[in-house]
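1. Predicted model and sequence follow; I will ask about them next.
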Amino acid sequence: MGLFFAFKITSFSENFLNAPQMKYYLIYSEDCSRCKELLSAVKRNDLVKIPLQKGFFLLKIFNLSSVPVLIEKGEKTWIIYPDLEDMQKILLGEGKKINKECNNETQGGVCVLP
């Protein structure tokens, strides 16, 4: 099992490194209304959208249990934003707001993974 995760992390990291112009990576679920709304509002050219099926192992590695999750690529570090308000500020600007309704919403306004 450890080898499988090591392979997944390596192949995923290679994809990150092969796209130096990309700064943000958003892990989302097709079943999450917040994710759909966020994705439809974002107009950034430096954002890679990662479906939950491909990014699920990263959520487990970082002990995250909700989506959407935004990852920012720095020069030598990665910053993880699991908070919806932070994502909105970064991806949409502070003035825009997302609908507060979500069937399986947590207090932070994200959708909990089933």
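-> Arrived safely, thanks for sending. None of these values were measured; they are calculated from a predicted model.
2. From here on, just use CA atoms for contacts and neighbour counts.
-> Will do.
3. can you pull out the helices in this structure?
-> For the chain, the helices defined by DSSP state H cover 2-17, 33-41, 52-61, 84-91.
4. Can you verify my assumption that residue 51 contacts residue 31?
-> No. The criterion here is C-alpha atoms under 8 Å, and residue 51 misses it with residue 31 at 10.5 Å.
5. worst average pLDDT in the helices of the chain?
-> The stretch with the lowest mean pLDDT among the helices of the chain is helix 2-17, at a mean of 50.
6. how close does residue 23 get to residue 42?
-> 14 Å (C-alpha to C-alpha, to the nearest Å).
7. wait, residue 91
-> 6 Å.
8. And for residue 81?
-> Taken as C-alpha to C-alpha, the span from residue 81 to residue 42 is 16 Å.
9. now swap in residue 58 and tell me
-> Residue 58 is 22 Å from residue 42, by C-alpha to C-alpha.
10. partners of residue 47 in the sheet?
-> residue 24 (DSSP bridges).
11. got the CA coordinates for stretch 52-69 in PDB?
-> Extracted C-alpha coordinates of stretch 52-69, given in PDB (Å, rounded to 0.1, in the frame of the first residue of the first chain):
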ATOM      1  CA  LEU A  52     -11.800  14.200  -6.500                       C
ATOM      2  CA  GLN A  53     -11.000  10.800  -8.100                       C
ATOM      3  CA  LYS A  54      -7.500  12.000  -9.000                       C
ATOM      4  CA  GLY A  55      -6.800  14.100  -5.900                       C
ATOM      5  CA  PHE A  56      -8.400  11.900  -3.200                       C
ATOM      6  CA  PHE A  57      -5.100  10.400  -2.100                       C
ATOM      7  CA  LEU A  58      -3.800  13.900  -1.400                       C
ATOM      8  CA  LEU A  59      -6.700  14.700   0.800                       C
ATOM      9  CA  LYS A  60      -6.100  11.600   2.800                       C
ATOM     10  CA  ILE A  61      -2.300  12.300   3.100                       C
ATOM     11  CA  PHE A  62      -3.000  15.800   4.400                       C
ATOM     12  CA  ASN A  63      -5.800  14.500   6.700                       C
ATOM     13  CA  LEU A  64      -8.400  16.600   4.900                       C
ATOM     14  CA  SER A  65     -12.000  15.500   4.800                       C
ATOM     15  CA  SER A  66     -13.800  18.100   2.800                       C
ATOM     16  CA  VAL A  67     -13.800  19.700  -0.700                       C
ATOM     17  CA  PRO A  68     -13.100  22.000  -2.300                       C
ATOM     18  CA  VAL A  69      -9.400  22.400  -1.300                       C
END
